[in-house]
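**Student:** From the sequence below, what's the structure:
(one chain, ligands or ions: 1)
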Amino acid sequence: MANNRNTLGYSIVDYRNNVILKQEKAFLTSLTKLYQSSHGKLRTYLAILFEKYGDKDGKLKQEELLKYKRYLTIKKDIQDIIKEQGKEELKLLNHQLNSIVEDEHNYSLFLLFSLGMIKTNQVKPLTSGERNKIMNSIWYGEHFSDTLSKHKGQLANNLYLSIFTSSSTGLTLTDATQITKKKLETGIKNTQRIYQTEQQRKRIDSALLAFNEKGHYSGKYQWLATLDERTCHICREFDGKYYELDKLPKYPSHPYCRCVVLPDLESYGVEPISYRAARDPRTRKTYLTTAKNYREWQIKQGLISS
Ligand SMILES: [Zn+2]
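**Tutor:** As a prediction, this is how the structure comes out:
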C-alpha cells in the first residue's frame, strides 16, 4: 500500500512540475510581449524627439533639452510610458499568481486525498477570503506590487538620466534606442525576479493553508532546497531538516529562492521519499539521487569530502 502511495505521489509531483514549467513559459512569453510593446512606444517617442530637436546631423544635444526646460516634459513622458507598462505587468503578475495560489491549494488537497489523509467531502475549493489573504500578504515589509512599482520608477529615472547625460556629447537615435533596449532588459530581469520569488512564496503559503490552516495536518515540515550548485549557503543548511510550523525559517529565504516545504508524511505512515531530483554540476542534466540532503548530495558528487 505504502509503495503504491509513493508511486502515486511521484506521478502527481511529476505532473505538477510539468504544469509549473508550462505556466512559467507562458508568463515569460507574455512578459516579453509587454516589453516589446514598450520598446516600440519608446522608440516612436524618441524618433519624434529627434525629429523635433535633433541637429542637422541627426544628433540630440543637451542644450536643446535644457531649452524651456524641455527635459522635464521628456522625463514625464518616459515615466508615463514605463508606468503604463508597470500597470500591465501588475495585471499579468496578479493573474498568474492568483492561478498559482488556486493550483497549489488544490494540488495540496489532492495530495492529502490521494494519500488517504482526507476524505472527498474535505476537498473544498479555495474561498475568496483565503485567496485574498495570500495575495495581500507582504514579504520583508513590502507587497510585491510596491516592489514592482518601485522598480518601474527606477527604470524610468535611469532611462531618462542615461539619455539626458549621453546627450551632453550629442546622442544619435541609434544610441538612444540601444540605451532604451538595455534598460528595458534590466527591467525584464527585475520583474522576473519578483515573479520567481513571489510565486515560490505563494506556493508555500497555499500549501500551508491546505495542510495546516484547514486542520488537515499538524505535524512538522521538511525544508527542501534544490540539489544543484546554484543553491545558496543558507538554504543548503536548511535542506532536509524538519521544522515545527512556528519554527519554519522565513520563506523564500532570499530573492530567487527555489526551496519548498513538505509535510512530514512519514509520520503519517507514508513511505519516505527515496529519490530526489538533482542537477549534475558537470552535465547540468537532471537525475534522481538517493541523497537525503544537500550535504549528502555534495559528498556523492565529490564536491566535498565526508
Ligand atoms: Zn532557498
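
**Student:** CA only for contacts and neighbour counts going forward, please
**Tutor:** Noted.

**Student:** I'd like the mean pLDDT over stretch 147-160, please.
**Tutor:** Averaged across stretch 147-160, pLDDT comes to 97.

**Student:** how far out from the middle of the chain is it?
**Tutor:** Its chain's C-alpha centre and that of stretch 147-160 lie 18 Å apart, by Cα atoms, centre = their mean, to the nearest Å.

**Student:** Give the buried residues for that stretch.
**Tutor:** Neighbour-count burial for stretch 147-160 flags L148, S149, H151, K152, L155, A156, N157, L159, Y160 (criterion: 16 or more other Cα atoms under 10 Å).

**Student:** What about those, which are in helices?
**Tutor:** Judged by DSSP state H, helices contain the following of those: L148, S149, H151, K152, L155, A156, N157, L159, Y160.

**Student:** for those, which one is nearest the ion?
**Tutor:** Taking Cα to the ion as the measure, the ion lies nearest L148 of those, at 21.3 Å.

**Student:** Surely the closest one touches G86?
**Tutor:** Yes. Contact between L148 and G86 holds when scored by Cα atoms under 8 Å: they sit 7.3 Å apart.

**Student:** circling back: keep only those of the buried residues of stretch 147-160 that are also close to the ion.
**Tutor:** Among the buried residues of stretch 147-160, no residue sits close to the ion (Cα under 5 Å from the ion).

**Student:** and which of those is nearest Q200?
**Tutor:** L148 (16.4 Å; Cα to Cα).

**Student:** Mind telling me what element the residue nearest to the closest one when sequence neighbours are not counted is part of?
**Tutor:** Spatial nearest neighbour of L148, excluding adjacent residues (Cα to Cα, 6 or more residues apart in numbering): T191 at 6.8 Å. Using DSSP states H and E, T191 falls within helix 173-208.

**Student:** Report all helices and strands that that helix contacts.
**Tutor:** Contact analysis of helix 173-208 by 3 or more Cα pairs under 8 Å, 6 or more residues apart in numbering; DSSP states H and E lists helix 2-53, helix 70-114, helix 128-136, helix 144-166, strand 260-263 as its packing neighbours.

**Student:** which SSE is the residue of the stretch 101-250 of the chain found nearest the ion in?
**Tutor:** In the stretch 101-250 of the chain, no residue comes nearer to the ion than C235, which is 4.5 Å away by Cα to the ion. Following DSSP H and E, one finds C235 within helix 233-238.

**Student:** circling back: was I right about the residue of the stretch 101-250 of the chain closest to the ion contacting C259?
**Tutor:** Yes. If you go by Cα under 8 Å, C235 and C259 touch, sitting 7.4 Å apart.

**Student:** Mutual contacts of the two, please.
**Tutor:** Counting by Cα atoms under 8 Å, 6 or more residues apart in numbering, the shared contacts of C235 and C259 are A225.

**Student:** Let me see the mean pLDDT of whatever helix or strand comes next after the helix holding C235.
**Tutor:** For helix 233-238, the succeeding helix or strand toward the C-terminus, using DSSP H and E, is strand 242-243. Confidence for strand 242-243, expressed as mean pLDDT, is 96.

**Student:** What is strand 242-243 packed up against?
**Tutor:** Packing contacts for strand 242-243, counted by 3+ Cα pairs under 8 Å, 6+ apart, involve strand 221-224.

**Student:** Not counting the strand it packs on itself, show me its contacts.
**Tutor:** Here strand 221-224 makes contact (Cα under 8 Å, 6+ apart) with 238-245, 248, 259-264.

**Student:** For L155, which residues are in contact?
**Tutor:** Going by Cα under 8 Å, 6+ apart, L155 touches I82, K183, L184, G187.

**Student:** excluding its backbone neighbours, what's nearest the last one?
**Tutor:** Right, the one you point to is G187. Here the nearest residue to G187 in space, its sequence neighbours aside, is L155; by Cα to Cα, 6+ apart that works out to 6.5 Å.

**Student:** The ion contacts on this protein?
**Tutor:** The chain comes close to the ion at residues C235, C257, C259, as judged by Cα under 5 Å from the ion.

**Student:** Sort out which one of the residues you listed lies nearest L97 for me.
**Tutor:** Relative to L97, and with distances defined as Cα to Cα, the nearest of the residues of the chain next to the ion is C257, at 16.3 Å.

**Student:** how much space is there between that closest one and E296?
**Tutor:** 20 Å (Cα to Cα, to the nearest Å).

**Student:** Give me the below-cutoff pLDDT ranges for this protein.
**Tutor:** The chain contains residues with pLDDT under 70 at 1-14, 272-273.

**Student:** That one - how does it break down into domains?
**Tutor:** The chain resolves into domains spanning 2-217, 219-306 when parsed by automatic domain parsing.

**Student:** How many neighbouring residues does I48 have?
**Tutor:** Residues lying near I48 (other Cα atoms under 10 Å) number 12.
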